[in-house]
Structures are given as C-alpha cells and as structure tokens.
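**Student:** below are the sequence and a predicted model for it; my questions follow.
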Amino acid sequence: MFKSALRATALAAAFSAIAFAAEAKDPMVGGAAMYATKNIVENAVNSKDHTTLVAAVKAAGLVGTLEGKGPFTVFAPTNEAFAALPTGTVDTLLKPENKNKLVKILTCHVVAADAMSKTVAKMIKDDGGEHDIKTVGGCVLKAKESMGKITLTDENGGVAHVTIADVKQSNGVIHVVDEVLLPKM
C-alpha cells in the first residue's frame, strides 16, 4: 500500500511537471529562454545554436529589419545547418563583396507574416498536401507535413525540417530548422 501511494505521488508530481513545462511561456532555444516580449534579433543573439545566423544577419545588414515591427516568420537555421554547407561557404558568404548573395540567402528564410505551425499545417492540408510559401527574398519554399512535422523544400530540392516550432517573438515567430534553405542562383 505504501508503494502504491508513493507511486501515485510520483506520478502526480511528474504530471504536474509536464503540465508546468507545457505551460511555460518562454521556450528554450540554444540554451536560452526566448521571450515573447523581445524581437527576433534580441532573442536570437542569446541562442548558442544560432551564432552563425546572427553573424550572417549582421554581415548582411539585416539587423534593423529583423528588429522592426514585422510581422515576420523566420525559418532559423542552426549552426550545424550552416556547418553542413560545403567547406568555406560560410566564410565566403560573410565577406563584404558577397553581401548581396548573403542577403538573398537570408531573406529566403523570412516570410512577411506571423505564421504559426498550425496555420502552416492548415494551408498545407487545404492545398492538398503541399503549400508554396513566398519569402521576402523572392524564393518559393514548398511546405509539407508528415507525422505532425513540417518540412520545407528549397528551390534546389534541399529539405529542412522544423525542429522547434512556434517560438513567439514580439515581431513574429521563429521556427528552428536543420538545413540552410538555398535559392536558385
């Protein structure tokens, strides 16, 4: 009887912890809380998983834009996603003479809307399983859903998976992705 009571207490505590975590209003990304009261740049600079993205945004001169009113949806590639590009690609893109190319790549990760994952999933369903997302950079990403996960296919056939969805920002939303989405160049 004591073991049953102990088990019930442990289960109740576990469910309380799960409920609390589910209600946590500021999700963690890259080891840092993402505050819905802060803008995209203010949050991204604190994520240890997005240091390359932040450096690229700075080099491209897009900080002011992503600190702006929005709303924006940013598909934010991780450091690992940038590291998976061919050797030397990131260093080359960060050079001042490649700023236009960098801007094009980064703006192909931004949509001028506040698109939470439920909205994207509904558009995918309404469009018969695939929805075209037009980006600020003029790229078209093909969004699909499989087993509750959203994927994005870039113009070259590269596929990114949304690994963390719906990170609310004061000027939009971030969806963390595991690949850099590349435009046709």
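**Tutor:** Cool, the structure landed.
**Student:** rest of the way, CA atoms for contacts and neighbours
**Tutor:** Noted.
**Student:** residues making contact with stretch 87-103?
**Tutor:** Contacts to stretch 87-103, defined as Cα atoms under 8 Å, 6 or more residues apart in numbering, come from residues 56, 59, 60, 62, 82, 83, 137.
**Student:** wait, what's in contact with the first one?
**Tutor:** Taking Cα under 8 Å, 6+ apart as the definition of contact, the neighbours of residue 56 are 94, 102, 106.
**Student:** next one: it from residue 125, what distance?
**Tutor:** 34 Å (Cα to Cα, to the nearest Å).
**Student:** still on that earlier bit, now, of the contacts of stretch 87-103, which are buried?
**Tutor:** The neighbour-count test (16 or more other Cα atoms under 10 Å) marks 56, 59, 60, 62, 82, 137 as buried among those.
**Student:** of those residues, closest to residue 131?
**Tutor:** Comparing the buried ones among the contacts of stretch 87-103 against residue 131 with Cα to Cα places residue 137 closest, at 17.4 Å.
**Student:** residues in contact with that closest one?
**Tutor:** Contacts of residue 137 (Cα under 8 Å, 6+ apart): 103, 104, 105, 106, 107, 108, 109, 110.
**Student:** same question for residue 53.
**Tutor:** So residue 53 contacts 76, 77, 78, 79 (Cα under 8 Å, 6+ apart).
**Student:** before we move on, back to that, highest neighbour count among the contacts of residue 56?
**Tutor:** Among those, residue 106 has the most neighbours (other Cα atoms under 10 Å), with 26 neighbours.
**Student:** where does that residue sit: helix, strand or coil?
**Tutor:** Residue 106 falls in the helix class when you classify it by DSSP: H, G, I helix; E, B strand; the rest coil.
**Student:** that one and residue 35: what is the separation?
**Tutor:** 22 Å.
**Student:** what of residue 25?
**Tutor:** According to Cα to Cα, residue 25 stands 8 Å off from residue 35.
**Student:** can you check residue 90 too?
**Tutor:** Taking Cα to Cα, one finds residue 90 at 28 Å from residue 35.
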